[in-house]
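Enquirer: How does the following fold in three dimensions:
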Amino acid sequence: MLMERSLSLSGGDLRHFMQTSEEMLSRANAVIEGIENGWLKPRISRVLPLADAAEAHRLLGDRQTIGKILLST
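Expert: Predicted coordinates for the structure are as follows:
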């Protein structure tokens, strides 16, 4: 489908933009602070027990979620 429309898809992660583990830790702490202070609100699609990890993978693979799936113990 992408080739028919001359589209391309690429990806990356934050490791490509950070030089040190200290910088990664600083950014991770900023995310946690944002969640704690309420200005960053992650979208949680479902919470499943750890025993249902295979189901979580299936849901992600079938693109049946919008947001994150959390596994709980």
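
Enquirer: tell me which strands and helices the longest helix that the chain contains is in contact with?
Expert: Ranked by number of residues, the top helix in the chain under DSSP state H is helix 21-37. Under the contact criterion of 3 or more C-beta pairs under 8 Å, 6 or more residues apart in numbering; DSSP states H and E, helix 21-37 touches no helix or strand at all. Every residue, glycine included, has its C-beta placed from N, CA and C.

Enquirer: quick one: secondary structure of Leu48?
Expert: In three-state terms, and counting by DSSP: H, G, I helix; E, B strand; the rest coil, Leu48 is strand.

Enquirer: So what's the residue count around the residue nearest to it when sequence neighbours are not counted?
Expert: The spatially closest residue to Leu48, leaving aside those adjacent along the chain, is Ala56, at 5.3 Å (C-beta to C-beta, 6 or more residues apart in numbering). Burial of Ala56, expressed as a neighbour count using other C-beta atoms under 10 Å, amounts to 20.

Enquirer: any low-confidence regions in this protein?
Expert: Residues of the chain that meet the criterion pLDDT under 70 lie in 14-16.

Enquirer: Could you rerun that using 90?
Expert: Per-residue confidence for the chain (pLDDT under 90) gives these ranges: 1-25, 27-28, 63-67.
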